[in-house]
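Enquirer: build me a structure from this.
(one chain, ligands or ions: 4)
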Amino acid sequence: MMASMNAALQPFERIDLHMHSSWSDGVLRPAELVALAATRSVQLLALTDHDTLAGCEEARQACAEAQIAFLYASELTSLWKGREVHIVGLQLDPAAPALIAHLEAVRQSRRERIQGIGLKLSAHGLPGTEIAAAVLALPGTPTRLHVARELVQRGHAEDEDDAFKRWIGKGQPAAVAAAWPAIEASAAAISSAGGLAILAHPHRYKLSAGGLRELCAAFRDAGGAGIEVSLPGMGPADAGRAAALARRFDLAGSCGSDFHVPGVPWRPLGRFAKLPEGVVPITERLGLEPVRGALPA
Ligand code: AMP
Ligand code: MN
Ligand code: MN
Ligand code: MN
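Expert: Ligands and ions are numbered 1, 2, ... in the order given. Presented below is the predicted three-dimensional model:
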């Protein structure tokens, strides 16, 4: 009985290779995140905070205690043809000097961007200096989501989405563009740390089918190893397109929740997704056994 259930499991089940802690714009501490993952019977986990590895050691220890396999990881903010693209680095050596320098430079750009956003908010009569100072005083990577939370708390926006639409989103009064490293530089930093580069959430880039193919070709040429083929918010059509890109460009399939906050029912931690047909699971390129096991009672 149990054996036949196991045989029906796909290698993707119980894997979550994309999530954020309070070391970037998530709200749970790494150990709290792992505790939640354990309740969802996650067996392989990567903490992918934006442009930092700061939470990974705490997550690794918590995973060891919960008997969850852990990968040091980060989501690297990058640019391709003037467009922001996110590259997840998996199985990183946290001591690799080129990666450490790369991430520190991006966080410095982020700090400058937050200051710039603060100045623009001030020019519109908002307490921009205070908002920027509050965000920069937080531990970890400062993001626009932190600014959005401050704007909501201080009554300048109804919710985070409203803060982006009204103030800090593209084209809005306090928007500040940033010169992120090119995808080639991100992929090189990841390689220098012995990791695998994964193209994150391809369905979110507002690219045409041809544009996505061009991006995947450039990413593959830069040494990219995988692409996210299953995550919340990806409908069947998006998932089908991502799987087709994986097969066409020989990219392995990765998956994760992109979890930031609890209580958002459509973005739960622990994605037990099916591996699309003909796509190599990222676990294979990571040199890991496909994750299989008994279903929880
Ligand atoms: P940054 O990386 O500084 O540009 O901050 C962007 C972060 O804010 C992303 O990683 C998302 O988690 C979040 N975000 C982006 N757009 C929105 C939005 N419209 N509403 C709420 N959160 C958003
Ligand atoms: Mn985020
Ligand atoms: Mn992202
Ligand atoms: Mn993310």
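Enquirer: what helix or strand is residue 212 located in?
Expert: Counting by DSSP states H and E, the element that carries residue 212 is helix 209-221.
Enquirer: quick one: buried residues of that helix?
Expert: 212, 213, 215, 216, 218, 219, 220 (16 or more other C-beta atoms under 10 Å). Using the backbone N, CA and C atoms, a C-beta is placed for each residue, glycine as well.
Enquirer: then stretch 229-242?
Expert: Buried residues in stretch 229-242 (16+ other C-beta under 10 Å): 229, 230, 231, 232, 234, 238, 239, 241, 242.
Enquirer: can you give the distance of it from its chain's centre?
Expert: When distances are taken as C-alpha atoms, centre = their mean, to the nearest Å, stretch 229-242 is centred 16 Å away from the chain's centroid.
Enquirer: so what's the backbone phi/psi at the closest residue to residue 211 other than its chain neighbours?
Expert: Distances taken as C-beta to C-beta, 6 or more residues apart in numbering put residue 205 closest to residue 211, at 7.7 Å, once the chain neighbours are dropped. Torsion angles at residue 205 (phi, psi; degrees, to the nearest 10) stand at phi -90, psi 0.
Enquirer: residue 205 against residue 86, yeah?
Expert: No: Residue 205 is beyond contact range of residue 86, at 9.1 Å (criterion: C-beta atoms under 8 Å).
Enquirer: which one of these two has more residues nearby?
Expert: residue 86 (24 against 17; other C-beta atoms under 10 Å).
Enquirer: and the stretch 101-250 of the chain, which residues reach ligand 3?
Expert: For the stretch 101-250 of the chain, the residues in contact with ligand 3 (C-beta under 5 Å from the ion) are residue 200.
Enquirer: so who does the residue nearest to residue 211 touch?
Expert: By C-beta atoms under 8 Å, 6 or more residues apart in numbering, the contact set of residue 205 is 83, 85, 211, 212, 215.
Enquirer: strands along the stretch 101-250 of the chain, start to end?
Expert: Using DSSP state E, counting those that start in this stretch, the strands found in the stretch 101-250 of the chain span residues 196-199, 226-230.
Enquirer: show me what the first one is in contact with.
Expert: Meaning strand 196-199. 17, 85, 87-91, 186-187, 190-191, 215-216, 219, 222-228, 251-252, 254, 282, 285-286.
Enquirer: ok, now with 7 Å
Expert: 87-91, 186-187, 190, 216, 219, 223-228, 254, 282, 285-286 (C-beta atoms under 7 Å, 6 or more residues apart in numbering).
Enquirer: same list (the buried residues of stretch 229-242) but as TSV, adding pLDDT.
Expert: TSV is the format used below for the buried residues of stretch 229-242 (pLDDT from 0 to 100):
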residue	pLDDT
229	94
230	87
231	86
232	82
234	87
238	92
239	91
241	95
242	96
